[in-house]
Structures are given as structure tokens and as C-alpha cells.
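Chemist: model the following, please.
(one chain, ligands or ions: 1)
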Amino acid sequence: MIIVFGSINLDLVVMVKRLPHPGETSAGPDCQTFAGGKGANQALAARRAGANVTMIGAVGNDSFAAPALANLEAASVDLSALRRLEGATGIAMIGVESCGENLIIVGSGVNARVSADWLAGRLAPDVTLLMQAEVPLAQVSRAMDLARTAGARVVFNTAPATDVEVAQLAARADVVISNESEAADVAAALGLPGEPAAYAAAMAASGRTAVVTLGGDGVLAHDGTTLITVAPPVVEVVDTTGAGDAFCGAFAAALDRGANLALALAEGVAAGSLACTATGAQSSAPAAADIARLAATLRVQQN
Ligand code: RIB
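Modeler: This is a model prediction of the structure:
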């Protein structure tokens, strides 16, 4: 089973012709609200991909809490360990331009007060602990310690932060997932080569599986012996928000059910690609059957 320890947000999304530069304003039509947060998005993606998922995080006691949780509740993600704290639910203000590219500003709210203590008694060797860097890194670090003691597998997505502390956490995970720019930052912080395949091989040489998502170029990964690449399908991109989260959730769900790395990567790429075809980070998270169908058509290379 999968436990996600991470953020829960309400996303306030405006579609704009062009994203603003600093000091500029870009206007669009109605603001749309969607459930979001990297933790919640990945929990939902893993659940839709077929895993049993527990979400551990926090919402506030404001009116944003219910819509932020609605999709997780509807999908039967286990929320029994979730905390409802005095304060504001996390929010993300998101601009999406016509090519699908986005710009995100996060107000952390109670996500800044999550505690690894909430994982107590829940970690075991059959658990995949899936985390991101959108909650306090000290708590992610403590959660990694608890997982190590319990024998649970740690899958760590370095998004959205790319500072030295994130790189140090990346170097402790069993599986680390980064996009290209995050991977370059982790590489720089750890003194590793910055080119994606060389970075992944260097990370894998120290005992972990390293995955680099390459946007429109698919994904590559190294597990210490093999470099695997997966080419993406052609899809009509509407909104890339949450595509990385869909990848992480579906990928973790595949690993959790015992799939090999190549299949898990193909399913992650299929989920991430399908997630780009609709607005909103969670609305587009695909179901297991759709993921499997598309994954079977993808070109996987192993060297
Ligand atoms: O990865 C996309 C997510 O980042 C959004 O849902 C937003 O909440 C931010 O956390």
C-alpha cells in the first residue's frame, strides 16, 4: 500500500494568453477552483491507478478544506490520519497559458505545520512512502528516518524545491524522481554530472533508482545496472499542471504492486501524458485501464 505524506491545496486557476513576467499583470476569464497540492495530486493519481492509498497531511478549518479534499474522498483514499488544523488550507494561485505552460504561487497555510509524528505506527515493509518537497523538509527528513527503521520503501519527488536540503533528501531515498531542472540542481548540490542520463547513473551508483522526467521527451531512469528511456505518446496538451504528479502517482502505484521499473516508467509516462489533456491537476488523473492501454503502446529502451 501507498502512504502519501505531503501537501493538500486548493488551486485557483486562471487561463491567460501569456504568463506575466515580474511586474506585469495578465488577465483571463473566470477563476476556476480545483483540488490540488502535490501530495494530494499524487495520492489521487496513485489511487486512480489502482493502489490502496492513505493520505497524511493537513487542511485548515476554512471553507477551502472541503473542496480540497473532495476528489480524495470520492476516490476512497484513506483520510483517517488527516489533520484538520486551526488555520488556512494551502492554496496555489496558478496561471495557465494557451500552450499549457503554467506559473504557480503557493500559500502553504497549514501544510507548513504537518508532522512526521502522524506517520507513527503506519510504516511497515509492505508500505511505499511517497513524498514531495512541498511540506517542511525537516519533517520529510524525519519521515525518511521512520521509513528506514520500519523497512518501508521511500519514493521522493524533489518538486517543487531545488535547494541543497532537497538534494540531501534525494540522496537518501530509495527512488528519487526529478524533472530536468530539479535534477540539474540536485546534481550541482551533490557534485554530480548535470546531464540527465549521467546524473541518473551517478545517483544510482550510490544505491538508489533515479528517475528524470523530460516533459515532452518522456522519461529516463537508472537503477544501477540499466538505463531505461520511455518515449511519450503524442497528446493534445491543454494544461501541464499536475502532469508530474500523475507520473509520480501512477509510477509509485506500479512499483507498489510489484511491476518492474520499465513497466512502472511506461505507466507513469502514460498517466502524465493523459493528465495534460484537461484543465486542473486532479480532474485529469487517469484510471488504471486507460494507463495500461496507453502504456502498452509506448517505446521503452533499455541499455
Ligand atoms: O504540481 C501541481 C501542484 O503544485 C498544484 O496542484 C498546486 O497545488 C501546487 O502544489
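Chemist: just give the nearest non-adjacent residue to whatever residue of the chain ends up closest to the ligand, would you?
Modeler: Residue nearest to the ligand within the chain: residue 36 (2.6 Å; Cβ to the nearest ligand atom). For glycine as for every other residue, the C-beta is placed from the backbone atoms N, C-alpha and C. With Cβ to Cβ, 6 or more residues apart in numbering as the criterion, residue 36 has its nearest non-adjacent residue at 3.5 Å, and that residue is residue 11.
Chemist: quick check, the one you found in a strand?
Modeler: Yes: according to DSSP: H, G, I helix; E, B strand; the rest coil, residue 11 belongs to a strand.
Chemist: how near is the closest residue to residue 151 other than its chain neighbours to residue 150?
Modeler: Residue nearest to residue 151 in three dimensions, not counting chain neighbours: residue 125, with 3.9 Å by Cβ to Cβ, 6+ apart. According to Cβ to Cβ, to the nearest Å, residue 125 stands 7 Å off from residue 150.
Chemist: higher neighbour count, those two?
Modeler: Using other Cβ atoms under 10 Å as the criterion, residue 125 and residue 150 rank with residue 150 on top: 16 against 8.
Chemist: distance check, that one against residue 120.
Modeler: Counting by Cβ to Cβ - residue 150 and residue 120 are separated by 10 Å.
Chemist: kindly report the same for residue 279.
Modeler: Distance of residue 279 to residue 120, given as Cβ to Cβ: 38 Å.
Chemist: which one's more surrounded, the two?
Modeler: More neighbours surround residue 279 than the other of residue 279 and residue 120, with 17 against 11 (other Cβ under 10 Å).
Chemist: tell me the contacts of the more buried one?
Modeler: Residue 279 makes contact with 13, 15, 32, 34, 96, 238, 239, 241 under the criterion Cβ atoms under 8 Å, 6 or more residues apart in numbering.
Chemist: skip the chain neighbours and tell me the closest residue to residue 59.
Modeler: Per Cβ to Cβ, 6+ apart, closest to residue 59 is residue 65, 3.9 Å.
Chemist: returning to that earlier point: and the residue nearest to residue 151, what pLDDT?
Modeler: Residue 125 is assigned a pLDDT of 98 by the prediction.
Chemist: the residue nearest to residue 36: how many residues sit nearby?
Modeler: Neighbour count of residue 11, defined by other Cβ under 10 Å: 27.
Chemist: tell me the SS of the residue positioned nearest the centre of the chain?
Modeler: Centrality entry for the chain: nearest residue to the mean C-alpha point is residue 245, 3.3 Å, by Cα atoms, centre = their mean. Assigned with three-state DSSP, residue 245 falls in the helix class.
Chemist: please report how far it lies from residue 272.
Modeler: Going from residue 245 to residue 272 by Cβ to Cβ gives 8 Å.
Chemist: residue 155 against residue 127, yeah?
Modeler: No: with contacts counted by Cβ atoms under 8 Å, residue 155 stays clear of residue 127, the gap being 10.8 Å.
Chemist: look at those two and report which has more neighbours.
Modeler: Taking neighbours as other Cβ under 10 Å, residue 155 and residue 127 compare with residue 155 leading, 26 against 20.
Chemist: who does whatever helix or strand the more buried one lives in pair up with?
Modeler: For residue 155, the host element (DSSP states H and E) is strand 153-157. Strand pairing for strand 153-157, using DSSP bridges, gives strand 128-131 (parallel), strand 175-179 (parallel).
Chemist: now those strands as a markdown table including mean neighbour count and mean pLDDT?
Modeler: Listed next are the strands paired with strand 153-157 as a markdown table, based on neighbours: other Cβ atoms under 10 Å; pLDDT from 0 to 100:
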| stretch | mean neighbour count | mean pLDDT |
| --- | --- | --- |
| strand 128-131 | 28 | 98 |
| strand 175-179 | 26 | 97 |
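Chemist: and residue 175, what does it touch?
Modeler: 153, 154, 155, 156, 208, 209, 210, 211, 255.
Chemist: for it, give the beta-bridge partners.
Modeler: Counting by DSSP bridges, the residues bridging with residue 175 are residue 155, residue 209.
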